[in-house]
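Enquirer: Return atomic coordinates for the entry below.
(2 chains)
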Amino acid sequence: MQRAVVQGSKRGLAALAGVTAASGMGLVYALENSVSASGDNVHPYALPWAHSGPFSSFDIASVRRGYEVYKQVCAACHSMKFLHYRHFVDTIMTEEEAKAEAADALINDVDDKGASIQRPGMLTDKLPNPYPNKKAAAAANNGAAPPDLSLMALARHGGDDYVFSLLTGYLEAPAGVKVDDGKAYNPYFPGGIISMPQQLFDEGIEYKDGTPATMSQQAKDVSAFMHWAAEPFHDTRKKWALKIAALIPFVAVVLIYGKRHIWSFTKSQKFLFKTVKGREPPKAQ
Amino acid sequence: MSSHKEEPLEADVDQLTQYRERCADHVTEFKSILDECNDRVNSRSNTEETCHQEMADYVHHLDHCAMPKAFASLK
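Expert: Here you go, the predicted structure:
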């Protein structure tokens, strides 16, 4: 009788725990959606990038074109402090191409006598920063320092979609929105007013591979390049994930049966209690 | 409605801009709301109202028509 009561309350507790967990998850989901719903900017449309999904790699041709856009348009204001020229070798360029790219750049350095010099770059150098420090960057850009682009694709909600939409989203400002000199209206930017005017224009640059350099094409390519810059290991990571995922079923089988084999003695033990002469339990008096 | 689906794009002109123009009839309702707001705000000199929200709604629905087609047309 007592056991039946205990069993009942245990089942009740299990049900209560389940309901609590489910409502907790529901609450988290609702809060997450309400956070997404806040803000007055347009949420970027989800685009089918070549590198989206667990089985896809970067479109390296697009990344190469994106580097051309970065070098000729973005590099005038934005730095890439975590990217070195050596990262290009055998990924988006050959070693010779990467060395030539580095040699094109002017790198601030110090000579043997301690004097400041500028020298041609080499593979171990970072992509150069257009400004010596953040205050200089802000002073040159109406008080709004251009952020570093190394990890920007991962830093912004919406990632690649946001970058693409932002770069192509310079529309005429609606009535009532006051746009100061040097700033622009962009409905994808939080607040709507962005300190970076439109930078990409049809035929603003010329691609080496002959692709027509429309604004959208440049935006797509530079978005891919920025994602590649933020995750240079991206293709390797997915390759390793696929290998590990392929091995997991076999390893799981081995581990499960190994465990069961090792525990078979312990779990199949039976205990038999037998009274021996001289050690009987005391008789009731 | 069919115009933005069938005609080939003009070469060397921005694909997204072209599709935004072609999708104009897709979002006439939101465009009229935005235009109404623009007219209302421009006709008053002492208002703090902005049409940013109407613009956001218009752009959101324009994207659903223009963005996937433009992106698919890029190399």
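Enquirer: State the phi and psi torsions of B:S73.
Expert: The phi/psi pair for B:S73 (degrees, to the nearest 10) reads phi -80, psi -10.
Enquirer: how about it, what does it touch?
Expert: B:L9, B:Q15, B:Y19 (CB atoms under 8 Å, 6 or more residues apart in numbering or on different chains). C-beta: built from backbone N, CA, C; applies to glycine.
Enquirer: Quick check on those residues: which are buried?
Expert: Buried subset of the contacts of B:S73 (neighbour count, 16 or more other CB atoms under 10 Å in any protein chain shown): B:Q15, B:Y19.
Enquirer: and which of the contacts of B:S73 is nearest A:N141?
Expert: Using CB to CB, the shortest approach to A:N141 within the contacts of B:S73 belongs to B:Q15, at 29.8 Å.
Enquirer: show me what contacts the closest one?
Expert: A:T214, A:S216, A:Q217, B:L9, B:A70, B:S73, B:L74.
Enquirer: Not counting sequence-adjacent ones, nearest residue to the fifth one?
Expert: The reference is to B:A70. Excluding its sequence neighbours, the residue lying closest to B:A70 (CB to CB, 6 or more residues apart in numbering or on different chains) is B:L16, at 4.0 Å.
Enquirer: Who are the contact partners of that neighbour?
Expert: Contact partners of B:L16, counting by CB under 8 Å, 6+ apart, are A:T168, A:M215, A:S216, B:A66, B:M67, B:A70.
Enquirer: Report the separation between it and A:S34.
Expert: Shown here: B:L16 relative to A:S34, a distance of 31 Å by CB to CB, to the nearest Å.
Enquirer: Next: B:Q15.
Expert: 35 Å.
Enquirer: Tell me the spacing between the closest residue to A:A76 other than its chain neighbours and A:P146.
Expert: Of all residues not flanking A:A76 in the chain, A:P130 sits nearest, at 6.0 Å (CB to CB, 6+ apart). Here A:P130 is placed at a distance of 8 Å from A:P146 (CB to CB).
Enquirer: joint contacts of those two?
Expert: Any residue near both A:P130 and A:P146 by CB under 8 Å, 6+ apart counts here, and that gives A:C77, A:H78, A:S79, A:A137.
Enquirer: nearest to A:G182, of the contacts of B:S73?
Expert: Nearest to A:G182 among these: B:Q15, at 28.6 Å, using CB to CB.
Enquirer: Quick check, pLDDT for the closest one.
Expert: With respect to pLDDT, B:Q15 scores 90.
Enquirer: And the helix or strand A:K238 falls within, what's buried?
Expert: Per DSSP states H and E: A:K238 is located in helix A:234-268. The neighbour-count check on helix A:234-268 (16+ other CB under 10 Å) flags A:D235, A:K238 as buried.
Enquirer: distance between that helix and the chain's centre?
Expert: Relative to its chain's centre, helix A:234-268 lies at 28 Å (CA atoms, centre = their mean, to the nearest Å).
Enquirer: just stretch A:20-31 next, same as before
Expert: From the chain centre to the centre of stretch A:20-31 is a distance of 26 Å (CA atoms, centre = their mean).
Enquirer: Next one: B:P8 relative to B:Q18, how far apart?
Expert: 10 Å.
Enquirer: Compare the two and say which is more crowded by neighbours.
Expert: Set B:P8 next to B:Q18 and count neighbours by other CB atoms under 10 Å in any protein chain shown: B:Q18 wins out with 20 against 6.
Enquirer: if we can go back for a sec, after the strand or helix carrying the residue nearest to B:A70, heading C-terminal, what element do we hit next?
Expert: Element membership for B:L16, per DSSP H and E: helix B:15-22. Where DSSP H and E defines the elements, the next helix or strand beyond helix B:15-22 is helix B:28-42.
Enquirer: Please work out the average pLDDT along that next one.
Expert: 91.
Enquirer: Next to chain A, which bits of chain B? Give me the list.
Expert: Within chain B, the positions near chain A by CB under 8 Å from any CB of the partner chain are B:11-17, B:34, B:37-42, B:47-56, B:59-60, B:63-64, B:67-68, B:70-72, B:74-75.
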